[in-house]
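Peer 1: what follows is a predicted structure for the sequence shown.
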Amino acid sequence: MTDNTRVLYNADCPVCNFEISHYAKYSGDLALPIRFEDLNQAEMADWDMDRDAAARRLYVLKDGQMYSGIPAFIVLWQDMPRYRWLARLVAFPGVHWVACKTYDHVLAPLIYRWHLRRQRAATSTTS
């Protein structure tokens with residue numbers, strides 16, 4: 001484990017915020033060297049993407065390499081002792097394939113569309 005693990009997530013998304021807040025508290029309680037960055041506050045040039053692209057999935061930057069989606073979760077889980085078993089399980093070839101397909105084609109698009117709906121609703125109430 002190194003101090004070069006950074007997690008980019010959408011704190012405005014209730015699902016994302018709930019899950020990542022749990023990981024941030026856990027890693028903070030153990031003083032794990034993982035930095036969690038809300039895409040709504042982060043310097044996006046550091047991530048080489050815009051906020052809309054970042055809102056589409058989870059991103060983890062570790063040792064200069066970018067991971068997204070299920071591979072990002074695996075990298076994050078590997079850095080947290082309580083979740084290493086989950087990283088090993090989800091990295092198993094058949095499980096990995098199913099997890100990636102489910103995240104990429106169902107969960108991430110669904111959560112992203114929910115994000116866009118919340119943005120539209122917030123914009124219409126402020127107009």
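Peer 2: Happy to help now that I have it.
Peer 1: just the buried residues of the lengthiest helix in the chain, please?
Peer 2: Secondary structure of the chain per DSSP state H: the longest helix is helix 108-126. Buried residues in helix 108-126, counted by 16 or more other CB atoms under 10 Å: 108, 111, 112, 115. Just so you know, the C-beta spots here come from the backbone N, C-alpha and C atoms, and that holds for glycine as well.
Peer 1: tell me how far residue 93 lies from residue 71.
Peer 2: 13 Å (CB to CB, to the nearest Å).
Peer 1: comparing the two, which residue is more hemmed in?
Peer 2: Set residue 93 next to residue 71 and count neighbours by other CB atoms under 10 Å: residue 71 wins out with 19 against 7.
Peer 1: ok, now which ones touch the more buried one?
Peer 2: residue 100 (CB atoms under 8 Å, 6 or more residues apart in numbering).
Peer 1: show me the helices in this protein, by range?
Peer 2: 14-29, 51-54, 70-78, 84-91, 93-102, 108-126.
Peer 1: adding mean pLDDT and distance to residue 38, write the ones you listed out as JSON lines.
Peer 2: Formatted as JSON lines, these follow (pLDDT from 0 to 100; distance: least, CB to CB, whole Å):
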{"stretch": "helix 14-29", "mean pLDDT": "95", "distance to residue 38": "8"}
{"stretch": "helix 51-54", "mean pLDDT": "94", "distance to residue 38": "10"}
{"stretch": "helix 70-78", "mean pLDDT": "98", "distance to residue 38": "15"}
{"stretch": "helix 84-91", "mean pLDDT": "98", "distance to residue 38": "23"}
{"stretch": "helix 93-102", "mean pLDDT": "98", "distance to residue 38": "25"}
{"stretch": "helix 108-126", "mean pLDDT": "88", "distance to residue 38": "13"}
